[in-house]
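S.K.: model this:
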Amino acid sequence: PGCGKTLLAKALANESQANLIVVRGPEVLSKWLGESERAIREIFRKGKSSSPCIILFDEIDSLGKARYASEEVWSGETILSQLLTQMDSLYPGEGVFVIGSTNRPDILDPSLLRPGRLGVMLYVPPPDVSSRLEILRILTKRMPLGQDVDLRSLAESTQNFTGADLESLCREAGLSAIRRRSEVVAAEDFREAILRVKPSFTKEMEEWYMELGKKLRSQVIRAKGQAQYA
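M.R.: Next comes the predicted model:
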């Protein structure tokens, strides 16, 4: 969460000089019968007409929830079926690529992870020290920092902070400076901010994602084997 999955997809589109369509999963859902399915068909139509194109489904778990995730019949099953149908309609060379981002890969329907669909999974970890330093430099570029502010030291003291956490940290430091009626953001403001802003990513979460990644990768490998011998 907050590790820059959407930003990574935007960078990929920029580097490959492809058009980008960002679809936030919950925004596709509609209470009107058939409207969600129609919206998905329209998204893929736009993607094909603007090829080369990357279609990013942000929070794809809202559309691709496992059909056995609940004892109750999931009302979005037809939405998932439409999504799978549209993904299967793409062919190599068409120049349309589909990416999904989620914080809950454990509730995705296995059919989404089959070869030819979302068969490649990438885990985006929280930034390391050097990455946090670069993020802090960008976030504080327009901030009037005091001479006592050491960004490298700050990066080292923000273990497990995501990019979103660092943004909140800088914002809180700025508010601290305002409360002090200071024209510069000093080191004490960042120290005060660290007491208020805590990392949203924990060691337990990292272990959970790593263990889940092993499980999902084994599912993809089995699916590939079945596809080869089908």
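S.K.: what residue of this structure is the furthest out?
M.R.: Arg181 (37.1 Å; C-alpha atoms, centre = their mean).
S.K.: got the phi and psi for that one?
M.R.: phi 60, psi 40 (degrees, to the nearest 10).
S.K.: then Phe97?
M.R.: When read as degrees, to the nearest 10, the backbone of Phe97 gives phi -120, psi 140.
S.K.: how about the nearest residue to it, chain neighbours excluded?
M.R.: Ile54 (5.0 Å; C-beta to C-beta, 6 or more residues apart in numbering). Every residue, glycine included, has its C-beta placed from N, CA and C.
S.K.: could you chop the chain up by domain?
M.R.: 5-124, 129-196 (automatic domain parsing).
S.K.: as TSV, these with mean pLDDT and distance to Trp208 would be great.
M.R.: Putting the domains of the chain into TSV (pLDDT from 0 to 100; distance: least, C-beta to C-beta, whole Å) gives the following:
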stretch	mean pLDDT	distance to Trp208
domain 5-124	85	9
domain 129-196	95	14
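S.K.: all helices in this protein, in order from the N-terminus.
M.R.: Counting by DSSP state H, the chain has helices at residues 5-15, 25-28, 35-49, 77-88, 129-139, 151-156, 163-179, 187-196, 203-228.
S.K.: closest to Met121 out of those helices?
M.R.: Nearest to Met121, of all the helices of the chain, is helix 203-228, at 6.0 Å by C-beta to C-beta.
S.K.: tabulate the helices of the chain (JSON lines), appending distance to Gly64.
M.R.: Formatted as JSON lines, the helices of the chain follow (distance: least, C-beta to C-beta, whole Å):
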{"stretch": "helix 5-15", "distance to Gly64": "15"}
{"stretch": "helix 25-28", "distance to Gly64": "8"}
{"stretch": "helix 35-49", "distance to Gly64": "11"}
{"stretch": "helix 77-88", "distance to Gly64": "6"}
{"stretch": "helix 129-139", "distance to Gly64": "29"}
{"stretch": "helix 151-156", "distance to Gly64": "36"}
{"stretch": "helix 163-179", "distance to Gly64": "23"}
{"stretch": "helix 187-196", "distance to Gly64": "36"}
{"stretch": "helix 203-228", "distance to Gly64": "13"}
